[in-house]
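Asker: here is the input, now give the coordinates:
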Amino acid sequence: MSRETHAGAECPNCRAHLTLVPAPGTPSVPLLPLPVVPVAREEFTPPPVAEVLAVYADRKVDRTTAARGAAKVRESLVSARDAAVRRRAEQKAARAPAKSA
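Answerer: All right, here's what the predicted structure looks like:
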């Protein structure tokens, strides 16, 4: 399939040019160029940050809930760090040759 000889059709996803080729064993029918139909793509753009944060602008900060949430996050980080240290120690011990007496 040559890139210079295309029938005008293109892939709607990657925009690669497509060429139609008759299958072996079928009668040869002249291929007409297919009309190029532009595909309308919907471009997604996120909303502006100010618009998103405006929803939270009038909320009051509950200090006790914020402190509890921060404590949970700290506890989660500490437990993840401890698990990583424990996992690395187990891997190191598994790699180390067994010492004989």
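Asker: which parts of the chain are strands?
Answerer: Assigned by DSSP state E, the strands in the chain fall at 9-10, 17-18.
Asker: go through the ones you listed and pick out the most buried.
Answerer: Most buried of the strands of the chain by mean neighbour count (mean count of other CB atoms under 10 Å) is strand 9-10; its value is a mean of 16. Glycine gets a C-beta too; all of them are placed from N, C-alpha and C.
Asker: pLDDT score assigned to the residue most central in space within the chain?
Answerer: For the chain, the residue nearest the mean C-alpha position is F44 (14.9 Å; CA atoms, centre = their mean). The model reports F44 with a pLDDT of 83.
Asker: relative to K72, which of the strands of the chain is closest?
Answerer: With CB to CB as the measure, strand 9-10 is the member of the strands of the chain nearest K72 (52.0 Å).
Asker: before we move on, back to that, distance of the residue nearest to the centre of the chain from A98?
Answerer: In this structure, F44 and A98 are 57 Å apart, going by CB to CB, to the nearest Å.
Asker: residues making contact with stretch 52-60?
Answerer: Taking contacts as CB atoms under 8 Å, 6 or more residues apart in numbering, no residue outside stretch 52-60 touches it.
Asker: what's the end-to-end length of that stretch?
Answerer: Taking CA to CA, to the nearest Å, the span from the opening residue of stretch 52-60 to its closing residue is 17 Å.
Asker: likewise stretch 53-71?
Answerer: 24 Å.
Asker: what's the first-to-last distance across stretch 13-24?
Answerer: End-to-end distance of stretch 13-24: 27 Å, with CA to CA as the criterion.
Asker: roughly how far out does whichever helix in the chain runs longest sit from the chain middle?
Answerer: When secondary structure is assigned using DSSP state H, the longest helix within the chain turns out to be helix 63-95. A distance of 27 Å separates the C-alpha centroid of helix 63-95 from that of its chain, computed with CA atoms, centre = their mean, to the nearest Å.
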